[in-house]
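Engineer: predicted coordinates and the sequence they were generated for:
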Amino acid sequence: MKQKGEGAADGAGSGADAVERFERMTEVAGKAQQMMLEFWTGGAGAASPASPAADPQAMTRLMEQWGDLARAWASADPAKLAKVGSDYWADAMKLWAGLLTPGAESTPAAAQKADRRFQADAWGSAPVFDLVRKSYLLFSHYAAEGLGAFDGLPEADRRQLAFQARQFVDAMSPANFAALNPEVLAEAQATDGESLLEGLGHLLGDLKRGKLTMTDEAAFEVGRNVAATPGQVVWEGRLFQLIHYAPTTEKVHEIPLLILPPWINKFYILDLTAEKSFIRWAVEQGLSVYVVSWAQGSEALGDIGIEDYVTEGELQAIDLVLKASGAPATHVIGYCVAGTVLAATLAYMAATGQAEKVRSATFFTAQVEFSDAGDLLNFVTPPMLETVEQLAEGQGYLDGRWLATTFNLLRPTDLMWNYVVNNYLKGKEYTPFDLLYWNSDPTNVPGRFMREYLAGLYRDNRLIQPGGIVVKGVPIDLRTVQTPAYIQAGRDDHIAPLKSCFKLTKAFSGEHRFMLAGSGHIAGVVNPPAAMKYQHWILPEGVETPATAEAFQQAATEVKGSWWPDWIGWIAPRSGKQVKARVPGKAKGFPAIEPAPGRYVKQRIA
């Protein structure tokens, strides 16, 4: 990107320089006009009908709940509202007094809160931007204070109101508006408007793709520098491919490992670059590792629901691994939604006399009791469920880009507005980052499953209820599960909160080990030992798991670094004798179909 003054004649500020700058700005304006014309006429491509960009009704329905914020004022305590309003205007007047009387100590404490969106010196060096920043921080503070006036609302309504208020406040940040952001204006001035042109190009490109671009997607390729652990696809069906990874040791544990990733995302979150790959690391520990690579949701899979993911999905994968390996049992990992369904699978196996097939079950950030499921509960409302129904109707699946937007709204400043500012307003080049590449590679989800998952589990909390879920005519009761369980949760998880994941410790009847990892839903899981990052918490030997997550945190011991060694230390004694390493594609009935990671995971939403 050309910086201000490049190629200009000596003597900045001369008439020739001003003419040149005017010509550049005219050229930028002309290019912007041409880009907009091509976009609106479809000359450079258009969004697919199923994408959020081409479905404004869906996105409008997603955000229309903000209107509830205004309607809720009628139920507020007038006296409390009046006090909040009075305090706000008193502090606001102090801010204005400081503007009119330079040097006066008049900044309210609420307007001095540290906020990394406003760390640049430009926000404090110019009085107008300093006032904009402090005014916003003051408004944010009192928007939160004002929620205290809604004591009469049911707790669920209060929680949703607070969520909507945070969404609104985050969206209204002056950092998100070009004219109010001094960093954006400085970049535009330094580049004679080229940064705005670059940003416009990024914006139009994302509108066509129907998603927010977060990284340089050209820097990665599935099978080359992500999802590149050597192996073979040894079985495939309509719902998944089964991958067997090549051993790196002469001997392996008798009991293999089957990894069930979530079908709401792709499996290679556990197989990013070589140094971050959990799959590669597990192979190096002497485990025979099998991974399920789920098929994209499609019209043909529109009838797939929870019952199908139990039987045709997870249970079938377990049986295939036992047959391919010749082992008497397998370890199983279920990540997120796959862990939720794994709980149902284990209960179904217990009820049908198949429990011995699973030697141990590991749960990564999985929930089975949803009363404390966090901010995602704020999306499980009648209007949103109706939107999901409409989006899935006809095509049979929910577009993965819509789901990605929903998850991004759980942390809008970090996962949405940060990229809006850098990509669109500042026109910054995309930075290569494998995790963001994976995050930008969403999956479509069968419509029936999504409806059952949101309404049956999040809204009605049926999985934890004995008989609340029925699989092939068999009522599910999680209390019958006696399979040893290793349960992982993330301290800062915004998708599957710690308090919710901890309830798995009370759901089953068998032995378990609960481990709390530092960080969140992804980094709390993908934390290789060599990185020496974060920490985890475990209970001292002999201490029983407390009744609550809060009590666990008080009793647990902090250990620096990755929790992966703790997991292998727990699973190895349950893994049987050492046997000759199994070679992918050599087992009878399980020929090598194609090299890992297979073609299912390479299918991308256009």
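Structural biologist: Here it is on my side, so go on.
Engineer: what is the burial count for Gln354?
Structural biologist: 15 (other Cβ atoms under 10 Å). The C-beta positions use only the backbone N, C-alpha and C, and glycine is treated the same way.
Engineer: let me redo that: Ala218
Structural biologist: Using other Cβ under 10 Å, Ala218 has 9 neighbouring residues.
Engineer: what backbone torsions are found at it?
Structural biologist: Main-chain torsions, Ala218, degrees, to the nearest 10: phi -70, psi -10.
Engineer: look up the closest residue to Leu81, ignoring the ones flanking it.
Structural biologist: Counting by Cβ to Cβ, 6 or more residues apart in numbering, Ala149 is the residue found nearest to Leu81 once chain neighbours are left out, at 4.5 Å.
Engineer: check contacts around that neighbour.
Structural biologist: Ala76, Asp77, Lys80, Leu81, Val84 (Cβ atoms under 8 Å, 6 or more residues apart in numbering).
Engineer: which of the three states applies to the third one?
Structural biologist: Right, the one you point to is Lys80. Put simply, Lys80 is helix when judged by DSSP: H, G, I helix; E, B strand; the rest coil.
Engineer: for stretch 318-328, which positions count as buried?
Structural biologist: Under the neighbour-count criterion of 16 or more other Cβ atoms under 10 Å, stretch 318-328 has Ile318, Leu320, Val321, Leu322, Ala324, Ser325, Ala327 buried.
Engineer: is it true that the fifth one touches Gly585?
Structural biologist: No: with contacts counted by Cβ atoms under 8 Å, Ala324 stays clear of Gly585, the gap being 9.9 Å.
Engineer: ok, now which ones touch Leu516?
Structural biologist: Taking Cβ under 8 Å, 6+ apart, we find Leu516 in contact with Gln488, Ala489, Gly490, Arg491, Leu498, His536, Trp537, Ile538, Phe552, Gln553, Ala556.
Engineer: ok, those vs Glu198, which is closest?
Structural biologist: The nearest member of the contacts of Leu516 to Glu198, counting by Cβ to Cβ, is Gly490 at 35.5 Å.
Engineer: circling back: quick check: neighbours shared by Ala324 and Gly585?
Structural biologist: Any residue near both Ala324 and Gly585 by Cβ under 8 Å, 6+ apart counts here, and that gives Val234, His244.
Engineer: about what we covered before: nearest to Ala361, of the contacts of Leu516?
Structural biologist: Of all the contacts of Leu516, Gln488 has the smallest distance to Ala361: 11.5 Å, by Cβ to Cβ.
Engineer: please settle this for me: is the closest one part of a strand?
Structural biologist: Yes: using three-state DSSP, the assignment for Gln488 is a strand.
Engineer: that one and Asn527 touch, don't they?
Structural biologist: No: with contacts counted by Cβ under 8 Å, Gln488 stays clear of Asn527, the gap being 10.5 Å.
Engineer: what separation is there between Trp589 and Gly302?
Structural biologist: Careful, residue 589 is Gly; it's not Trp. Here the criterion is Cβ to Cβ, to the nearest Å. By it, Gly589 lies 30 Å from Gly302.
Engineer: of these two, which one has the most company?
Structural biologist: Just comparing Gly589 and Gly302: by other Cβ under 10 Å the higher neighbour count belongs to Gly302, 18 against 9.
Engineer: my guess is Glu314 contacts Leu342. True?
Structural biologist: Yes: assessed by Cβ under 8 Å, Glu314 is found in contact with Leu342 at 6.1 Å.
Engineer: quick one: the strands in the stretch 201-350 of the chain?
Structural biologist: Under the criterion DSSP state E, counting those that start in this stretch, the stretch 201-350 of the chain contains strands at 231-236, 240-245, 251-253, 257-260, 289-294, 330-335.
Engineer: re the thing from before, spell out which residues are contacts of both of Gln488 and Asn527.
Structural biologist: The contact sets of Gln488 and Asn527 overlap at Ala517, Trp563 (Cβ under 8 Å, 6+ apart).
Engineer: so how far is the helix or strand where Arg448 lies off the chain centroid?
Structural biologist: Here Arg448 is covered by helix 447-451, with elements defined by DSSP states H and E. Put simply, helix 447-451 sits 19 Å off its chain's centre (Cα atoms, centre = their mean, to the nearest Å).
Engineer: which strands and helices sit next to the helix or strand following it?
Structural biologist: Using DSSP H and E, the helix or strand that follows helix 447-451 in sequence is strand 470-471. Counting contacts by 3 or more Cβ pairs under 8 Å, 6 or more residues apart in numbering; DSSP states H and E, strand 470-471 packs against helix 306-308.
Engineer: how many residues are close by Gly85?
Structural biologist: Around Gly85 there are 13 other residues, counting by other Cβ under 10 Å.
Engineer: and the gap between it and Leu415?
Structural biologist: Remark: distance between Gly85 and Leu415 (Cβ to Cβ) = 32 Å.
Engineer: also Tyr268?
Structural biologist: Distance, Tyr268 to Leu415, by Cβ to Cβ: 20 Å.
Engineer: more neighbours: those two, which one.
Structural biologist: Tyr268 (25 against 19).
Engineer: so what's the residue most central in space within the chain closest to, chain neighbours aside?
Structural biologist: Geometric centre of the chain, nearest residue: Phe407, 5.4 Å, by Cα atoms, centre = their mean. Nearest residue to Phe407 in three dimensions, chain neighbours excluded: Ile495, at 6.8 Å (Cβ to Cβ, 6+ apart).
Engineer: please apply the same query to Phe379.
Structural biologist: Once flanking residues are discounted, Phe379 sits nearest to Thr406: 6.1 Å by Cβ to Cβ, 6+ apart.
Engineer: quick check: nearest residue in space to Val579, chain neighbours excluded?
Structural biologist: Spatial nearest neighbour of Val579, chain neighbours left out: Glu254 (5.0 Å); criterion: Cβ to Cβ, 6+ apart.
Engineer: phi and psi next, for the one you found.
Structural biologist: Main-chain torsions, Glu254, degrees, to the nearest 10: phi -60, psi -40.
Engineer: please tell me how far it sits from Asn408.
Structural biologist: 43 Å.
Engineer: please apply the same query to Asp206.
Structural biologist: Going from Asp206 to Asn408 by Cβ to Cβ gives 13 Å.
Engineer: okay, and the common contacts of these two?
Structural biologist: Common contacts of Asp206 and Asn408 (Cβ under 8 Å, 6+ apart): Leu212.
Engineer: near Pro595, how many other residues are there?
Structural biologist: Close neighbours of Pro595, defined as other Cβ under 10 Å, add up to 15.
Engineer: residues contacting the nearest residue to it once chain neighbours are set aside?
Structural biologist: Nearest non-adjacent residue to Pro595, counting by Cβ to Cβ, 6+ apart: Gln232, 6.1 Å away. Contacts for Gln232 (Cβ under 8 Å, 6+ apart) come out as Ile243, His244, Ala246, Pro584, Gly585, Ala592, Ile593, Glu594, Pro595, Ala596.
Engineer: lovely, talk soon.
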